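K.L.:
take this sequence and fold it.
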Amino acid sequence: MPLPPSSFAILGAGLMGRLLAVELARQGHRVDIHDAGSPAAEGSAATVAAAMLAPLAESAITEPGVVRMGHHALARWPQLLAPLAEPVFFQQAGTLIVWHRQDAAEAQRLTRQLEANQHTVPELPRLEKLGSDGLAQAEPTLAHRFAQGLYLPGEGQLDNRQLLAALVVEMERLDVRAHWHSPQSPDTFTPGAPGQPDWVLDCRGLGAKSQWSALRGVRGEVVRIHAPDVTLQRPTRLVHPRYPIYIAPKQDHLFVIGATEIESDDLSPASVRSTLELLSAAYAVHPGFAEGRILELATQCRPTLPDNLPAIRQTQPGVLEINGLYRHGFMIAPAMLDVTLEVLNTGQSQLSQRFDMALDLAPASEPTPNVAAALA
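P.N.:
Below is the predicted model of the structure:
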């Protein structure tokens, strides 16, 4: 039966923690959220992300279940954004993929891979192959630099920092009790005991490594540029054998550019080499970046499990751990949210089977007192 009114302690106020806090508070539950940082989420991978919603584009490097989660998110994000009091930039104008002539063989290999993935996940819109005329219509400023491209309809993006800020406002409006600069672990709580929350949801990402030892960090480096001379209308990806990049245009000529992926939990500043590669590749896509202004060059590590797939596990009664979103955080967060809510309400999740998501739920766990009373 549906979860009765309960109390929750959410650990980690990154993307997943904030989404869960807002949704659970909206459903009438009492929610406390704890984070080691501030409302600015300076320690969260979500703050650095480009927040692209590109299931077909990402299918080149991930499993079909994650692709289905991304497709699910394209319909869910408008529903999640609509009730927020603060506006959040959301765009669903597709993804453009381009390449230079010398990289045509790599582009052909990618095209074959994406077409094969469409057969595996048939609900995805079909990619479109663009010649020079089609490219000129889709992105006029690129027509004189590239002769061919791919257009992936239906894909989108949002503004990650606007969303994180809007979720804080929503938490305040819904009376979520936020405890900033208050790092906690599941060991701090005894779910169901007097004066304790009924549930603990651990969404700390790499902060949970002491509890989930298989977690590792995958470093990414992202540059944010203000470039008034660049007029790209949608996320654009460059095929390149050494440094493929993405360019995500936000509002007011702000561009988020990234691609680096390093197996390391090093959070030191970006290297000269990766910065040169990122900026050179961006300039090769559009020369207007030459006169742009670098607003920020940020590094962060994504929380990643050994198979690079997300998972939810229950380590003890009343404690759920949600982790491993890797590089797909914004693309799969709505699916992770919906699966978590199903688990809380029913003890299992049909959606998780559709997404091939690993659920490790304690089969013999005793319900918390609040839930037990409702079942009596």
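K.L.:
which phi and psi does residue 153 have?
P.N.:
Here is the backbone geometry of residue 153 (degrees, to the nearest 10): phi -70, psi 150.
K.L.:
I'd like the distance between the closest residue to it other than its chain neighbours and residue 89.
P.N.:
Of all residues beyond its chain neighbours, the one nearest residue 153 is residue 125 (4.3 Å), with distances taken as Cβ to Cβ, 6 or more residues apart in numbering. For every residue, glycine as well, the C-beta is placed using N, CA and C. Distance, residue 125 to residue 89, using Cβ to Cβ, to the nearest Å: 22 Å.
K.L.:
again with residue 139
P.N.:
Distance from residue 139 to residue 89, counting by Cβ to Cβ: 19 Å.
K.L.:
ok, these two, which is more surrounded?
P.N.:
For residue 139 versus residue 89, the count of surrounding residues by other Cβ atoms under 10 Å is larger for residue 139: 23 against 17.
K.L.:
not counting sequence-adjacent ones, nearest residue to that one?
P.N.:
Of all residues not flanking residue 139 in the chain, residue 96 sits nearest, at 5.7 Å (Cβ to Cβ, 6+ apart).
K.L.:
burial check on that neighbour, number of neighbours?
P.N.:
Applying the criterion other Cβ under 10 Å, we find 26 residues in the vicinity of residue 96.
K.L.:
part of a helix, is residue 164?
P.N.:
Yes: Residue 164: assigned to a helix according to DSSP: H, G, I helix; E, B strand; the rest coil.
K.L.:
need the contact list for it.
P.N.:
Residues in contact with residue 164, defined by Cβ atoms under 8 Å, 6 or more residues apart in numbering, are 15, 18, 41, 44, 46-47.
K.L.:
okay, those residues in TSV with distance to residue 282 next?
P.N.:
Output for the contacts of residue 164, formatted as TSV (distance: Cβ to Cβ, whole Å):
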residue	distance to residue 282
15	25
18	30
41	25
44	25
46	22
47	21
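K.L.:
top of these by neighbour count?
P.N.:
When neighbours are counted by other Cβ under 10 Å, residue 18 leads those with 30 neighbours.
K.L.:
and that one, what helix or strand is that in?
P.N.:
Here residue 18, judged by DSSP states H and E, is contained in helix 15-26.
K.L.:
just checking, what packs against that helix?
P.N.:
Here helix 15-26 is seen to pack against strand 7-11, strand 30-34, helix 160-173, helix 329-346 when contacts are counted using 3 or more Cβ pairs under 8 Å, 6 or more residues apart in numbering; DSSP states H and E.
K.L.:
tell me the mean pLDDT over the third one?
P.N.:
In other words, helix 160-173. Taken as a whole, helix 160-173 has an average pLDDT of 98.
K.L.:
can you list the buried residues in that helix?
P.N.:
For helix 160-173, a neighbour-count test (16 or more other Cβ atoms under 10 Å) marks 160-168, 170-171 as buried.
K.L.:
which one of the residues you listed is nearest residue 293?
P.N.:
Residue 293 lies nearest to residue 161 out of the buried residues of helix 160-173, by Cβ to Cβ, at 17.6 Å.
K.L.:
now the nearest residue in space to the closest one that is not next to it in sequence. Its backbone dihedrals?
P.N.:
Counting by Cβ to Cβ, 6+ apart, the nearest residue to residue 161 once its immediate chain neighbours are dropped is residue 47, at 6.5 Å. Backbone torsions of residue 47, given as degrees, to the nearest 10, read phi -70, psi -30.
K.L.:
go ahead and confirm residue 47 touches residue 39.
P.N.:
No: judged on Cβ atoms under 8 Å, residue 47 makes no contact with residue 39 at a distance of 11.1 Å.
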